[in-house]
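Peer 1: sharing a model that was predicted from the sequence below.
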Protein chains: 2
Amino acid sequence: MERIPILKMGPFLLVTIQVDLYDRLALNLENDLISMVSKTGARGVLIDISVVSIVDSFMGRILGNIASMSRIMDAETVVVGMQPAVAITLVELGLTLQGVHTALDVEKGMELLHDKIGLGLNSEQEEEGSDDSDE
Amino acid sequence: MERIPILKMGPFLLVTIQVDLYDRLALNLENDLISMVSKTGARGVLIDISVVSIVDSFMGRILGNIASMSRIMDAETVVVGMQPAVAITLVELGLTLQGVHTALDVEKGMELLHDKIGLGLNSEQEEEGSDDSDE
């Protein structure tokens, strides 16, 4: 199977990475994701990497690319479910995943996205509209 | 990677199948899913098979097993994103996926689950409580 499925869930897109991202698969994913963001008007992209146990600089760059492309299309990217060992490796490799937000699991990632795009899961949060985009 | 990730989304669990389900992977998935249903008290299981292009009797049985096990644990199972060719193959194989609900995509699957467990995405639907479980 040469494609990674992209699931639309309300205003967000959800991708779970279960296989090693080799060149072509990664390029397909980038293209598919950007087309989906454009087609659906999605405001956020959630990437679940909970079963990814090995991360290298290529994978790091792909995640960074997706985040940069999504941002240009007005969508925020959140990587969720990172294993502790992966976080250790990323830091040891000197990869800081710039522009990529992270959250512990999909639910927390959705909350973060709701906050980011100012929807607010609880209607109380709508009024605040925390503008920390210039950090 | 020997595991398929199971994502918790509110009262539901979401699984996307991206790889061929060979014996061990399928057994792991069944075990993991049932443990997750038990641990999280999930009321529904969504299985996305949108990138599965080939389905055989083994896969059909696995889906049926998951549905039966989930039902015993008081959770409904919905298979979403089935490709037309897969539906054709299933019928030609004589597999009717008994006990498995289907929906076109994840969003429709979630609506169906909300209806099934009587939550109702729109509060209007709560009153109806369509009891077609004895079909």
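Peer 2: Arrived safely. Residues are numbered from 1 along each chain as shown, chains lettered A, B, ... in the order given.
Peer 1: can whichever strand or helix holds residue A:111 be found next to chain B?
Peer 2: Taking DSSP states H and E as the criterion, residue A:111 maps to helix A:106-116. Yes. Using C-beta under 8 Å from any C-beta of the partner chain, helix A:106-116 comes into contact with chain B via A:106, A:107, A:110. Yep, even glycine has a C-beta here, placed from its N, CA and C like the rest.
Peer 1: just the buried ones from those residues?
Peer 2: A:106, A:110 (16 or more other C-beta atoms under 10 Å in any protein chain shown).
Peer 1: and the residues of helix A:106-116 next to chain B, which is closest to residue B:28?
Peer 2: residue A:106 (20.0 Å; C-beta to C-beta).
Peer 1: quick one: the closest one and residue A:49, what's the gap?
Peer 2: Separation of residue A:106 from residue A:49 (C-beta to C-beta, to the nearest Å) stands at 11 Å.
Peer 1: need the residues of helix A:106-116 next to chain B in TSV with pLDDT and distance to residue B:76, can you?
Peer 2: What follows is the residues of helix A:106-116 next to chain B, written out as TSV (pLDDT from 0 to 100; distance: C-beta to C-beta, whole Å):
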residue	pLDDT	distance to residue B:76
A:106	94	20
A:107	93	20
A:110	93	22
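Peer 1: ok, so of the residues of helix A:106-116 next to chain B, who is nearest chain B?
Peer 2: Chain B has its nearest neighbour among those in residue A:106, at 4.7 Å by C-beta to the nearest C-beta.
Peer 1: could you give the number of residues near residue A:104?
Peer 2: The tally of other residues near residue A:104 (other C-beta atoms under 10 Å in any protein chain shown) stands at 12.
Peer 1: what does residue A:28 give?
Peer 2: Count around residue A:28 with other C-beta under 10 Å applied: 14.
Peer 1: so it touches residue A:4, yeah?
Peer 2: Yes. Contact criterion C-beta atoms under 8 Å: residue A:28 and residue A:4 qualify, at 7.4 Å.
Peer 1: any common contacting residues for those two?
Peer 2: Listed as contacting both residue A:28 and residue A:4 by C-beta atoms under 8 Å, 6 or more residues apart in numbering or on different chains is no residue at all.
Peer 1: for stretch A:51-67, list every residue counted as buried.
Peer 2: Buried residues in stretch A:51-67 (16+ other C-beta under 10 Å): A:51, A:52, A:55, A:59, A:60, A:62, A:63, A:64, A:65, A:66, A:67.
Peer 1: cool, and stretch A:76-83?
Peer 2: Burial within stretch A:76-83, assessed by neighbour count using 16+ other C-beta under 10 Å, is assigned to A:76, A:77, A:78, A:79, A:80, A:81, A:82.
Peer 1: show me where chain A has its helices.
Peer 2: Taking DSSP state H, the helices of chain A run over residues A:23-40, A:57-72, A:84-92, A:106-116, A:124-128.
Peer 1: any idea which of those scores lowest on pLDDT?
Peer 2: When those are compared on mean pLDDT, helix A:124-128 scores lowest, with a mean of 42.
Peer 1: neighbours around residue A:118, how many?
Peer 2: The number of residues packed near residue A:118 is 13, by other C-beta under 10 Å.
Peer 1: thank you kindly, that will do.
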